[in-house]
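Student: quick one, structure for this:
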Amino acid sequence: MKALVFEKPDQPVVVDVAMPTIDDTEVMVRTRTVGICHSDYELLAGRYIIPISYPVTPGHEWCGEIVEVGKAVKNFRVGDRVVGECVVRTPERLHHFGFSMDGADRQYFNVNPDWLHKLPDSVDDNRGALIEPFTCGFYAVLRSGGTNASETVVVSGGGTIGLVSAAAAIGMGANVVVVDPIQTRRDIALKLGASEALDPSGAAERIMEITQGRGADLVIEAAGHGASLAAAFEYAGQDGRMSMVGINIGQKIPVNLGLIQMKNLTVRGCIGSPGVWPAAIRFLERTGIDLSPIQTHHFKLTEAVEAFQLGLNPQACIKVTLNTQGLN
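Tutor: Sure, this is the predicted structure:
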């Protein structure tokens, strides 16, 4: 079968590897779609938030179909479409699927069924690959108390996590404003239902206008870039909440931390999506939110190296998705 392998930092290759075999407690999944995440580029560059080693197969945003079931598995059957959590526990340790252990950028893989969730029929395979990032955005909103129609939520950063965070807040009824310097991202934010999508220049002033001087009730910082991190504190209103979900590894950013005290802010760090997967999937199913505008480009798994190269250009794309269609 075909698999994408990071043989060492900055060396991605698509290679032929042996088919897996399952034991009685596992299921075998045939991959259908896999999204490329910003974290995959951190892995490719040789860094991540937990220890990693090479070679490794990435892929933690995936949708697949069960093709074989171990004798001891009771809750899944052949033909079930499933998605899987990223932060998982094995007898040995806590793992990040697709980082500290091989992920889904391969045609078939074995997985512990405890990590899986069935995909509703209303969510197709392409959007299934967005479940994992959506759970992160959903968690980012819930982490700071959720939201409702009385509130204005500002999302700083219009990449995938920013857009799915915006979608979650929109689904909860909030007035959502997305801030990003790239026009394409702002356009997609409006397609998802944001009331406004702003360039960072002048965004703080416009947010104060929108909120009649109150500032945002909830700010989700989803870019991890210095300018976005600094500006997020300006967007927040008095007694505001902040959810910091953008990843920034090893950099020191000048930020006016005095605003935390001056505005009486509640600031929470946010990583992953622990404990929210069933709720996030029900939320998507019942609200009918269409996340597909986020998926701007599609490639075959065998074109993964080219797909990763395209994904380096944020001006050209948002979410690049790999699929196994046409592969035996």
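Student: going by C-alpha atoms from here, please, whenever you check contacts or count neighbours.
Tutor: Noted.
Student: my read: Asp16 touches Lys2, true?
Tutor: Yes: using CA atoms under 8 Å, Asp16 is in contact with Lys2, at 4.8 Å.
Student: now stretch 191-200: average pLDDT?
Tutor: What stretch 191-200 shows for mean pLDDT is 98.
Student: measure that stretch end to end?
Tutor: Using CA to CA, to the nearest Å, one end of stretch 191-200 lies 19 Å from the other.
Student: export stretch 169-179 as CSV, just CAs?
Tutor: Extracted C-alpha coordinates of stretch 169-179, given in CSV (Å, rounded to 0.1, in the frame of the first residue of the first chain):
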residue,chain,number,x,y,z
ALA,A,169,-19.5,30.2,17.7
ILE,A,170,-21.9,31.0,14.8
GLY,A,171,-23.7,27.7,15.4
MET,A,172,-24.2,28.8,19.0
GLY,A,173,-25.8,32.0,17.9
ALA,A,174,-23.1,34.6,18.5
ASN,A,175,-22.3,37.6,16.3
VAL,A,176,-18.9,36.6,15.0
VAL,A,177,-16.2,38.8,13.5
VAL,A,178,-13.1,37.2,11.9
VAL,A,179,-9.8,39.2,11.6
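Student: neighbouring contacts of it?
Tutor: 138, 141, 146-158, 162-163, 166, 186, 189, 193-200, 203, 287, 289 (CA atoms under 8 Å, 6 or more residues apart in numbering).
Student: can I have the buried ones of these as a PyMOL selection?
Tutor: Buried residues within those, by 16 or more other CA atoms under 10 Å, are selected in PyMOL with:
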select buried, resi 138+141+147+151+152+153+154+155+156+157+158+162+163+166+186+189+193+194+196+197+198+200+203+289
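Student: which of the contacts of stretch 169-179 fall in helices?
Tutor: Under the assignment DSSP state H, the contacts of stretch 169-179 contribute 138, 141, 162-163, 166, 186, 189, 203, 287 to helices.
Student: of those, which is the nearest to Val255?
Tutor: Ala203 (17.1 Å; CA to CA).
Student: elements contacting the helix or strand hosting Arg127?
Tutor: Taking DSSP states H and E as the criterion, Arg127 maps to helix 125-128. Contacts defined by 3 or more CA pairs under 8 Å, 6 or more residues apart in numbering; DSSP states H and E place helix 125-128 against strand 27-35, strand 61-69.
Student: quick check: the gap between Gly272 and Glu132.
Tutor: Taking CA to CA, one finds Gly272 at 9 Å from Glu132.
Student: between those two, which contacts overlap?
Tutor: Joint contacts of Gly272 and Glu132 (CA under 8 Å, 6+ apart) are Cys86.
Student: between these two, who's got more neighbours?
Tutor: Using other CA atoms under 10 Å as the criterion, Gly272 and Glu132 rank with Glu132 on top: 24 against 18.
Student: just the pLDDT for the more buried one.
Tutor: 97.
Student: do the same with the one 3 residues further on
Tutor: The score at Thr135 is 97. That number is its pLDDT.
Student: mind listing what Trp115 touches?
Tutor: Applying CA under 8 Å, 6+ apart, we find Trp115 in contact with 84-85, 88.
Student: how is the protein carved up into domains?
Tutor: By the assignment in automatic domain parsing, the chain contains the domains 2-130+291-323, 134-269.
Student: ranking these by burial, who's on top?
Tutor: With neighbours defined as mean count of other CA atoms under 10 Å, these peak in mean count at domain 134-269, which reaches a mean of 21.
Student: want to throw the domains of the chain into a markdown table with distance to Trp277?
Tutor: As requested, the domains of the chain are exported to a markdown table (distance: least, CA to CA, whole Å):
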| stretch | distance to Trp277 |
| --- | --- |
| domain 2-130+291-323 | 8 |
| domain 134-269 | 6 |
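Student: out of the ones you listed, which comes closest to Pro278?
Tutor: The nearest among those, by CA to CA, is domain 2-130+291-323 at 7.3 Å.
Student: now Arg89: how far from Met101?
Tutor: Using CA to CA, Arg89 is found at 11 Å from Met101.
Student: which neighbours do those two share?
Tutor: Taking CA under 8 Å, 6+ apart as the criterion, Arg89 and Met101 both touch His95.
Student: surely Asp80 meets Cys63?
Tutor: No: between Asp80 and Cys63 there is no contact under CA under 8 Å: 10.7 Å.
Student: roughly how far does the residue most central in space within the chain sit from Ala167?
Tutor: With distances taken as CA atoms, centre = their mean, Pro133 lies nearest the centre of the chain, 2.2 Å away. Per CA to CA, Pro133 is found 11 Å from Ala167.
Student: who's in contact with the residue lying farthest from the centre of the chain?
Tutor: Going by CA atoms, centre = their mean, the residue of the chain most distant from its centre is Lys71, 32.9 Å out. Neighbour list for Lys71: 24-25 [criterion: CA under 8 Å, 6+ apart].
Student: need the phi and psi values for it.
Tutor: Here is the backbone geometry of Lys71 (degrees, to the nearest 10): phi -60, psi -30.
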